[in-house]
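Enquirer: What follows is a predicted protein model with its sequence.
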Number of protein chains: 2
Amino acid sequence: MSGRRGGRPTLEEVAARAGVGRGTVSRVINGSPRVSEQARAAVARAVAELGYVPNQAARALAGSRTDAVALVIPEAEARLFAEPYFLDLIRGVSAELADADKQLLLTLVRTAQERQRFEQYLAAQRVDGVLLASVHGDDPLPDRIRDLGIPVVMNGRRSEAEPVPYVDSDNIGAGRAAVARLVGRGRRRIATVTGPLDMYVARARLGGYRAGLAEAGHAPDEGLVATGDFTEEGGRRAMRELLDRRPELDAVFAASDVMAAGARAALREAGRTVPGDVALVGVDDSPVARLMDPPLTSVRQPIEEMGRTMARMLLRRAAGAPEEEPKRVLPTELVVRDSC
Amino acid sequence: MSGRRGGRPTLEEVAARAGVGRGTVSRVINGSPRVSEQARAAVARAVAELGYVPNQAARALAGSRTDAVALVIPEAEARLFAEPYFLDLIRGVSAELADADKQLLLTLVRTAQERQRFEQYLAAQRVDGVLLASVHGDDPLPDRIRDLGIPVVMNGRRSEAEPVPYVDSDNIGAGRAAVARLVGRGRRRIATVTGPLDMYVARARLGGYRAGLAEAGHAPDEGLVATGDFTEEGGRRAMRELLDRRPELDAVFAASDVMAAGARAALREAGRTVPGDVALVGVDDSPVARLMDPPLTSVRQPIEEMGRTMARMLLRRAAGAPEEEPKRVLPTELVVRDSC
DNA sequence: ACCAGGAATGGGAGCGCTCCCACATTAGGG
DNA sequence: CCCTAATGTGGGAGCGCTCCCATTCCTGGT
């Protein structure tokens, strides 16, 4: 049989032992300043002696706050994306929450029905805030949550002018840095494999690519742009398309490492060497990048740091802190390997 | 001041609306059979009309159960391992819990201090059960939790005779299947790169390798066994060692895909072709396997299914269900690609 | 016709906290 | 010396449920 509470001490018992009232113990536990040193010490001792741990359920019920934060990840994305991405994100969020003694509630959302259930869940007041990963351009969930009065922070944004607080990486800078590197290595015909253009992240990287070319004085050529979908297969297909359209290309910026891997395979099929015939740059600096042959030059995003930042922002808002900058864009960094 | 926090309806209000008592509503909500059809219908209508959602904190407080389950992952492992592993595991656990309307509390444990905190957390009665991933041979945590009277299920086991309930994959079978394949392809000098031998999973795969050789009538040769640590670098080092000791080897069973990738790199360095000179088999069937050149034959573990099974077992135990088989070993499956 | 026994139900009594009000107690200011 | 204003403090009043007991209403057996 589970969980008959084995005589776990209560606030009341601590109070009795310390010779003070319930209120005082509560104040000490919650770090209120309105307590004398003497009382504080007495309570601290009683807590230690009894091994007291506050009952969270009671706290949540009485205080209507839960000390828990939900991280929502759409399941479809979890499969699609360079998977380690989410693990890194989780790691960052988890670290920051642990420091604040908050709990991480992970929610993978699979179906519309599960989404529904999640909204219900939120309505049940079970979390102090919500972190959203990988939100698509037309997703109403963020606004919905905000309207419910629950603090939200997103990873990435739905559009340039995102109204909901978010933490993003500098995707434009990523595209730019990749192109700059390619140009610096003497490449002249630089193509790109983009992500699905209904995602802001894909448009931003493409924008960076274009900006990079413009800065280098290259004329734009739409024939050098092919759309992928962040999958390996999509990368492969897009690469074939590019080779078909512009056989003379000598470099490719793939908007993700996984697509770069697909592109690499297509290049091999076509008998092109990397980086000899075609130089290749990806984005994510995921493990695949290191394992590819040749190892892939890639633009690193500070994923874990994004997770930490999101959690920090959320906690601050949940605590009702003074409104600070609700939009944060973290820098990316080119990691040079052998593919260019 | 009226505590009209967001005006969420309470059980009491539902009762009033349905024209029944609090007890009856509670019974309906919790699916007790002791309710007339009529009352059930009235309550159901009131619930729908009011959009009632039970307050979880109150439930937990009154009923001492939380509807939440913790999944504990040692942070060190999360980095080391083929990372998608944990994402798959999480996916399985999450799916099963969602079906049961339970919450998943993810805990990455970094330091000894965090471990400490986690135990405190358990003491605070905040979860109905605990799932443990990647437990090392000498880890006392599982027993500790069990002694606290909290249901536990582990992923993998610490030793052959694990006392704590677990779900594992058939690692011996995995080694055997890999070797059988290699033998079937006419390989005669089959080496292996193992994981760290203080982990049962590594010993089991090695055991399978040996069993496979024995079954094929090959004489054992300890020179064909090198120890890695489940990292790419470890795989590379072990492979160099093997080439050094037994240059005539013509096949390698690596106990993980990541190590296989390392081994592949070492083979390339040494000028050996795959699968021409040396055939290669890994374990995990991770994305890396597909992306390698040539694509890697690998033994797939049903990771997501393990996650589901763990969650299912845990929920059943938490519900005080009749003691069923507490040890479950799921089958593995060889996925053939070009590396052998 | 009567009563035992079961089914359905209402509602009191908490669960262990936080909130907040009332009550000291002490320290100045006039 | 009284009066206000801080400062600590105790404890009542819930928070919204579940548990469980008492009550009512219905069976069917004798």
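Expert: Alright, I've got the coordinates.
Enquirer: so where is chain A shaky, pLDDT-wise?
Expert: Where chain A drops to pLDDT under 70, the residues are A:1-7, A:77-83, A:125, A:322-323.
Enquirer: quick one, helices of it?
Expert: Taking DSSP state H as the criterion, chain A carries its helices at A:11-18, A:22-29, A:37-50, A:56-63, A:75-80, A:84-99, A:112-123, A:141-147, A:171-184, A:200-215, A:232-245, A:257-269, A:287-291, A:303-318.
Enquirer: who are the neighbours of the shortest one, in terms of helices and strands?
Expert: For helix A:287-291, the contact count by 3 or more Cβ pairs under 8 Å, 6 or more residues apart in numbering or on different chains; DSSP states H and E identifies helix A:257-269, helix B:287-291 as packing neighbours. For the C-beta atoms, the positions are set from N, CA and C on the backbone; glycine is no exception.
Enquirer: just so I know, which of the helices of chain A lies nearest residue B:154?
Expert: helix A:84-99 (20.1 Å; Cβ to Cβ).
Enquirer: which residues does residue A:74 bridge with?
Expert: Residue A:74 forms beta bridges with residue A:109, as assigned by DSSP bridges.
Enquirer: Please look at residue A:35 and residue A:23 and confirm they touch.
Expert: No - using Cβ atoms under 8 Å, residue A:35 makes no contact with residue A:23, being 9.6 Å away.
Enquirer: more crowded one of these two?
Expert: More neighbours surround residue A:35 than the other of residue A:35 and residue A:23, with 19 against 13 (other Cβ atoms under 10 Å in any protein chain shown).
Enquirer: any idea how far that one lies from DNA strand D?
Expert: 4 Å (Cβ to the nearest atom of the strand, to the nearest Å).
Enquirer: Pop the domain breakdown of chain A in here.
Expert: Per automatic domain parsing, the structural domains of chain A span A:11-54, A:68-169+A:304-330, A:171-300.
Enquirer: Of the ones you listed, which stretch is the most buried?
Expert: domain A:171-300 (a mean of 22; mean count of other Cβ atoms under 10 Å in any protein chain shown).
Enquirer: between the domains of chain A, which gets nearest to residue B:191?
Expert: domain A:171-300 (20.9 Å).
Enquirer: End to end on the closest one, go ahead and measure it.
Expert: Taking Cα to Cα, to the nearest Å, domain A:171-300 runs 10 Å from one end to the other.
Enquirer: again with stretch A:165-179
Expert: Termini of stretch A:165-179 sit 30 Å apart (Cα to Cα).
Enquirer: Equivalent analysis for stretch A:101-120, please.
Expert: Stretch A:101-120: ends 25 Å apart by Cα to Cα.
Enquirer: And for it, what's in contact with it?
Expert: Residues from elsewhere that reach stretch A:101-120 (Cβ atoms under 8 Å, 6 or more residues apart in numbering or on different chains): A:67-76, A:78, A:90, A:93-94, A:97, A:121, A:126-128, A:141, A:144-145, A:148, A:315, B:53, B:68, B:90-91, B:94-95, B:98, B:101, B:103-107, B:117, B:121, B:126.
Enquirer: So is it next to DNA strand C?
Expert: No - Stretch A:101-120 stays clear of DNA strand C (Cβ under 7 Å from any atom of the strand), getting no nearer than 12.6 Å.
Enquirer: could you measure residue A:98 against DNA strand D, distance?
Expert: 27 Å.
Enquirer: can you check residue A:276 too?
Expert: Counting by Cβ to the nearest atom of the strand - residue A:276 and DNA strand D are separated by 68 Å.
Enquirer: Enumerate every residue touching the closest residue in space to residue A:338 that isn't next to it in sequence.
Expert: Leaving aside its sequence neighbours, residue A:338 sits nearest to residue A:294 (Cβ to Cβ, 6 or more residues apart in numbering or on different chains; 3.7 Å). By Cβ under 8 Å, 6+ apart, the contact list for residue A:294 reads A:274-275, A:337-339.
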